[in-house]
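1. Kindly return the folded structure for what I paste below:
(2 chains)
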Amino acid sequence: MSARRRLAVAGLLAPAVMLLLLFFVVPSVDLFRLSLAHMDAQRAIHHDVSLVNYRNFATNPYFHRMVWGSVKLTFVVTALCLLLGYPAAYFMVRVRSTVARTLLYAIVVSPLLISVIVRSYGWVVLLANNGVINGTLLSLGLIERPLRMLGTFGSVIVATVHVLLPFMMLPIASALQSLDTVLERAAQSLGASPWQTFWRVTLPLTMPGVVAGTSLVIALTLGIYITPLLVAGPLQPLFAIGIYYVTLSQLDFPLGAALSFVLLAFTLLVIALAGRLLKTVKGSVA
Amino acid sequence: MDIDVELRGVAMSYGPTPVLHNLDLEVYKGEFLSLLGPSGCGKTTTLNIIGGFLTPLRGTVTLGGRIVNDVPPYRRNTGMVFQSYALFPHMSVFDNVAFGLKVRRVGAADIARRVRDALTLVQLEGLDQRAIRELSGGQQQRVAIARALAIDPLVLLMDEPLSNLDAQLRRQMRVELRRLQRQVGITTIFVTHDQEEALTLSDRLVVMNRGRIEQAGTPIELYRRPRTPFVAQFLGHPNFLFGTVAERRGSDVTVQVGPHRVRATYEDALESGAPVAVVLRAESAALHRTAPAERANALPGTIAYTVYLGTSSEYEVRLADGVRLRVIEQMPSGIPSFAEGEAVVVSWVPEDSIVLPGSRESMADLVS
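-> Now for the predicted structure:
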């Protein structure tokens, strides 16, 4: 590489690197230092170096329930997003009419254009005891008293899937878009049924999109808090809600910081495992 | 002879645009048949209808005596070789060739043997564990053929399989493909727009134009006796001479072309005074400095320009009345016999005159 070229590369990289360094790495280091401090019973923060917050996390059953809740939510939401998102992305990419395709893309992207708070309140309006769904079922005489939906784990799942589905669909759609359909015709000419063609050709070759979408949805579900907070309240045992509660209600900043780092590490671990798992399930990825 | 593939009255259109009009075609067991024509003539559509990737609007498709209009591609047992090869990039050479056998749930030992046989056939022994991206274009081509042959199909369908190869490799694969097809004896339908490819490979070729079959026959029949102006124009390098029938005696016909009388042979009925085109292939004509005694047709002119091609030369000869004739001279020595501006005589035997009924106006879109 010539000196000029090296300078150009550095020039192109510098703004992004500087931005990350200033607003991500530096605060992260600071936050980590804070996580090693601790708050005493009089709510005074001591800047000594101890693992007391991490020990608290490891031994307190409240936090364990919270982790388990987030894991459960992440597993169900990711599975649902994959099961709903892949066929929808497939149809969206393969539909013949350009108008229909554009419309479908617009529908998929549209939730991302609306504030997450507005979207989540939409679910509150739908699922509340005096909400749209209960109102309709009552007036049709199908139920006698309102069904309790708001505040349940189920409502968190539905609302979270709605919020995160585009993050699964768009990478899969992009992978399907770049797949040459002549490969599917080749498979069929060799005797593969549509189902065999999907399992042996289409799915393995779009696996990069599946891995990308799955990683995104996992990371976002583990850290999600506005949507479950609005549809299920602050007592829902979820990791991010726990951090919110510890930090903003108890004002225990060091513990909140420690929990944030546990969540970050956990998220990276789960994504790494998911990527590994998907790769071994479907063989090599192109 | 047994018929392996038969199309009867097959019609097809894409939206409002008709692409095939009442196509009738039969392909005999073991024959190598080419569908030849310019792009948009319907040849690939025909192949896709046989493979089951397109459903015809009307007509029947019969494979091995069974009407397959409603049979999906994966139950037709047709081996297809695509222009882009369409090899599975996430599989090894072995897995590509084994694909059709695996989906048929053939036993592992049988698969290993049949894959090995197929790879031996295309001379790729020992490359079975290679990744597709590690292969050259020619090797990928062979894998695609081996993959299609491994399922032991009723018919091999090939969609311009050689057009992605460079010229030298294409000639080499042409010879190899012919050897392979003879050796296996598999019925083959080969789509191409390359007349040379079609002439060298085929037992029989079908020239298509605008969704219709212009003419079907052996390469020699089509080259020697084209029955339509399109076929005459598509094969070889033809000159069109327009005139009227002056005299007819048995199969001997004399055509008045401007001031010249041109002799030809023609078997079918032809009225005296009817407008005809006499097609003379640039390859069939010869040039002389003085009129030869033994050749029946001899038209004097001057060489307007020459194109040197190494083993041959192309001349354009201008006749006294302004008509231009293209003549190709084969030159084993590599030295052209004539130069620009030289006075020459263009001669040919009556049997090399191809007579096509019709006026200049009726062939205007074919002859520039």
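2. Rounded mean pLDDT for the longest helix seen in chain B, please.
-> The longest helix of chain B (DSSP state H) is helix B:167-184. Mean pLDDT, computed over helix B:167-184, is 89.
3. The residue nearest the centre of chain B and chain A, how far apart?
-> Nearest to the geometric centre of chain B sits residue B:198, at 3.2 Å (Cα atoms, centre = their mean). Residue B:198 is 22 Å from chain A, where distance means Cβ to the nearest Cβ, to the nearest Å. The way it works is simple: take the backbone N, C-alpha and C, and place the C-beta from them, glycine included.
4. Name the helix or strand for that residue, please.
-> helix B:195-201 (DSSP states H and E).
5. which regions of the chain sit below the pLDDT cut-off?
-> Going with chain A. A:1, A:280-286 (pLDDT under 70).
6. Hmm, no, I was thinking of chain B.
-> Along chain B, the model assigns pLDDT under 70 to residues B:367-368.
7. Which positions in it make contact with chain A?
-> B:51-53, B:72-75, B:77-80, B:82, B:84, B:86-90, B:99-100, B:102-104, B:147-148, B:151, B:157 (Cβ under 8 Å from any Cβ of the partner chain).
8. need the contact list for residue 238.
-> In the absence of a named chain, this looks at chain A. Counting by Cβ atoms under 8 Å, 6 or more residues apart in numbering or on different chains, residue A:238 touches A:66, A:69, A:70, A:73, A:156, A:224, A:225, A:228.
9. Wait, chain B was what I had in mind.
-> Counting by Cβ under 8 Å, 6+ apart, residue B:238 touches B:232, B:279, B:280, B:281, B:282, B:354.
10. Take the residues you listed and keep only those in strands.
-> Here DSSP state E is the test, and the contacts of residue B:238 give B:279, B:280, B:281, B:354 as lying in strands.
11. And these, which is closest to chain A?
-> Nearest to chain A among the ones in strands among the contacts of residue B:238 is residue B:281, at 38.0 Å by Cβ to the nearest Cβ.
12. Not including adjacent chain positions, what is the nearest residue to the closest one?
-> Closest residue in space to residue B:281, ignoring its immediate chain neighbours: residue B:236 at 4.7 Å, by Cβ to Cβ, 6 or more residues apart in numbering or on different chains.
13. Now for the closest residue to chain B within the stretch 1-150 of chain A, how many residues are close by?
-> The stretch 1-150 of chain A approaches chain B most closely through residue A:96 (10.9 Å), counting by Cβ to the nearest Cβ. For residue A:96, the neighbour count with other Cβ atoms under 10 Å in any protein chain shown is 6.
14. Roughly how far does residue B:169 sit from chain A?
-> 21 Å.
15. now swap in residue B:237 and tell me
-> 35 Å.
16. one step back: Provide a PyMOL selection command restricted to the buried entries of the contacts of residue B:238.
-> Selection of buried members from those for PyMOL, criterion 16 or more other Cβ atoms under 10 Å in any protein chain shown:
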select buried, chain B and resi 232+279+280+281+282+354
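17. check contacts around the residue of the stretch 151-300 of chain B found nearest chain A.
-> Residue of the stretch 151-300 of chain B nearest chain A, by Cβ to the nearest Cβ: residue B:151 (5.9 Å). Each residue near residue B:151 by Cβ under 8 Å, 6+ apart is listed here: A:190, A:191, B:77, B:79, B:100, B:101, B:104.
18. Could you do residue A:16 as well?
-> Residues in contact with residue A:16 (Cβ under 8 Å, 6+ apart): none are found.
19. Assign a three-state SS to it, would you?
-> Classification of residue A:16 by DSSP: H, G, I helix; E, B strand; the rest coil places it in helix.
20. How about residue A:235?
-> Here residue A:235 is recorded as coil under three-state DSSP.
21. And the closest residue to residue A:36 other than its chain neighbours, how close does it get to residue A:263?
-> Distances taken as Cβ to Cβ, 6+ apart place residue A:49 nearest to residue A:36, at 4.8 Å, with adjacent residues excluded. Residue A:49 is 21 Å from residue A:263, where distance means Cβ to Cβ, to the nearest Å.
22. likewise residue B:79?
-> Distance, residue B:79 to residue A:263, using Cβ to Cβ: 55 Å.
23. hmm, back to that, considering the contacts of residue B:151, which possesses the most neighbours?
-> When these are compared by neighbour count (other Cβ under 10 Å), residue A:190 ends up highest, at 32 neighbours.
24. residues touching that residue, list them.
-> B:74, B:79, B:80, B:99, B:100, B:103, B:147, B:148, B:151.
25. how close does it sit to residue B:73?
-> The spacing between residue A:190 and residue B:73, counted by Cβ to Cβ, is 9 Å.
26. all helices for the stretch 201-350 of chain B, in order.
-> Counting by DSSP state H, counting those that start in this stretch, the stretch 201-350 of chain B has helices at residues B:219-224, B:229-234.
27. Determine which stretch of those helices is the most buried.
-> Most buried of the helices of the stretch 201-350 of chain B, by mean neighbour count (mean count of other Cβ atoms under 10 Å in any protein chain shown): helix B:229-234, with a mean of 23.
28. Distance from the chain centre to that one, please.
-> 12 Å (Cα atoms, centre = their mean, to the nearest Å).
29. Residues contacting that helix, please?
-> B:36-38, B:195, B:207, B:209, B:214-215, B:222, B:226, B:238, B:240, B:277, B:279, B:354, B:356, B:358, B:362-363, B:366-367.
30. Stretch B:46-63 too?
-> Contacts for stretch B:46-63 (Cβ under 8 Å, 6+ apart): A:185, A:188-189, B:3-13, B:20, B:22-23, B:25, B:35, B:45, B:67-69, B:71-73, B:76-78, B:80, B:154-155, B:157, B:159, B:189, B:191, B:208.
31. which ones among those are found in strands?
-> B:3-13, B:20, B:22-23, B:25, B:35, B:67, B:78, B:80, B:155, B:157, B:159, B:189, B:191, B:208.
32. Are any of those buried, and if so which?
-> The neighbour-count test (16+ other Cβ under 10 Å) applied to the ones in strands among the contacts of stretch B:46-63 identifies B:3-7, B:10, B:12, B:20, B:23, B:25, B:35, B:78, B:80, B:155, B:157, B:159, B:189, B:191, B:208 as buried.
33. for the stretch 151-286 of chain A, what spans make up the helices?
-> A:153-177, A:182-189, A:194-197, A:203-205, A:207-222, A:226-232, A:239-244, A:253-281.
34. can you list the ones you listed in a markdown table and add mean neighbour count?
-> Below are those laid out as a markdown table (neighbours: other Cβ atoms under 10 Å in any protein chain shown):
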| stretch | mean neighbour count |
| --- | --- |
| helix A:153-177 | 22 |
| helix A:182-189 | 22 |
| helix A:194-197 | 15 |
| helix A:203-205 | 19 |
| helix A:207-222 | 22 |
| helix A:226-232 | 22 |
| helix A:239-244 | 22 |
| helix A:253-281 | 17 |
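35. Out of those, which is closest to chain B?
-> helix A:182-189 (3.8 Å).
36. that older thread, who touches the residue nearest to residue B:281 in this structure?
-> Residues near residue B:236 by Cβ under 8 Å, 6+ apart: B:195, B:223, B:281, B:282, B:283.
37. distance of it from residue B:277?
-> Distance from residue B:236 to residue B:277, counting by Cβ to Cβ: 15 Å.
38. One more: residue B:67?
-> 41 Å.
39. okay, now residue B:255: neighbour count?
-> Using other Cβ under 10 Å, residue B:255 has 26 other residues around it.
40. Hmm, it is touching residue B:243, no?
-> Yes. Using Cβ atoms under 8 Å, residue B:255 is in contact with residue B:243, at 4.5 Å.
41. so who does the closest residue to residue A:117 other than its chain neighbours touch?
-> Spatial nearest neighbour of residue A:117, chain neighbours left out: residue A:226 (6.2 Å); criterion: Cβ to Cβ, 6+ apart. Contacts here follow Cβ under 8 Å, 6+ apart; on that basis residue A:226 touches A:116, A:117, A:120.
42. same check, this time on residue A:166
-> Residue A:166 sits next to A:108, A:109, A:111, A:112 when contact means Cβ under 8 Å, 6+ apart.
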